[in-house]
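> everything below, folded, please.
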Amino acid sequence: MTYTIKAIDHIQLAAPKGSENQARHFYVAILGCKEVEKPETLRKNGGAWFTFGTVQIHIGIEDPFAPAKKAHPAFDIENLEALKQHLLNNKVEIIDDNNLPGANRFYAHDPFGNRLEFLEWK
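Take a look at the predicted model:
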């Protein structure tokens, strides 16, 4: 092979037109991400970008919109129970899943119905 895949640079999830403020509330106010300014050439497309650590989540506007119901990003979490309680306190529905050996995990959906996995390896 003459190439190497080094890492995932970002994850893109779709959202409906005009939903940027909902995205900001969920990804910044609830999950604790920071918003990243989109490059000038891409701002006309709408959406918003967020970061935590070295990973970015890009929320792109899709019309017509359909949420990702099966495909999803999975986030490796430290102190999964604290996140679960935080999400519940913010009225985010949790779907527990004990089917992955060696991990505690649950699913939730962003405000647009995109599936998100949160897990903590034992």
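> please count neighbours and contacts with C-alpha atoms only from this point.
OK.
> can you list the neighbours in contact with the helix ranked longest in the chain?
In the chain, ranked by residue count with DSSP state H as the criterion, the top helix is helix 80-89. Residues from elsewhere that reach helix 80-89, judged by C-alpha atoms under 8 Å, 6 or more residues apart in numbering: 30, 93-94, 104-105, 118-120.
> list the buried residues for it?
When neighbours are counted by 16 or more other C-alpha atoms under 10 Å, the buried residues of helix 80-89 are found to be 80, 84, 87.
> could I get those as CSV with distance to Pro111?
Below are these laid out as CSV (distance: C-alpha to C-alpha, whole Å):
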residue, distance to Pro111
Leu80, 20
Lys84, 16
Leu87, 12
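> wait, is Asn21 part of a strand?
No. With DSSP: H, G, I helix; E, B strand; the rest coil as the criterion, Asn21 is helix rather than part of a strand.
> first-to-last residue distance for stretch 26-41?
Taking C-alpha to C-alpha, to the nearest Å as the measure, stretch 26-41 stretches 25 Å from start to finish.
> if we can go back for a sec, which ones among the contacts of helix 80-89 map onto strands?
Restricting the contacts of helix 80-89 to those inside strands, with DSSP state E as the criterion, leaves 104-105, 118-120.
> top of these by neighbour count?
Neighbour count (other C-alpha atoms under 10 Å) singles out Arg105 as the most crowded of the ones in strands among the contacts of helix 80-89, with 23 neighbours.
> in contact with that residue, which residues?
Listed by C-alpha under 8 Å, 6+ apart, the contact partners of Arg105 are 80, 96-98, 117-120.
> pLDDT below threshold where in this structure?
Residues of the chain meeting the criterion pLDDT under 70: none.
> and the strands in it?
In the chain, the segments counted as strands under DSSP E are 10-15, 34-36, 48-52, 55-61, 74-76, 95-97, 103-109, 115-121.
> quick one: closest of those strands to Tyr3.
Across the strands of the chain, the minimum distance to Tyr3, taken as C-alpha to C-alpha, is reached by strand 10-15, at 19.2 Å.
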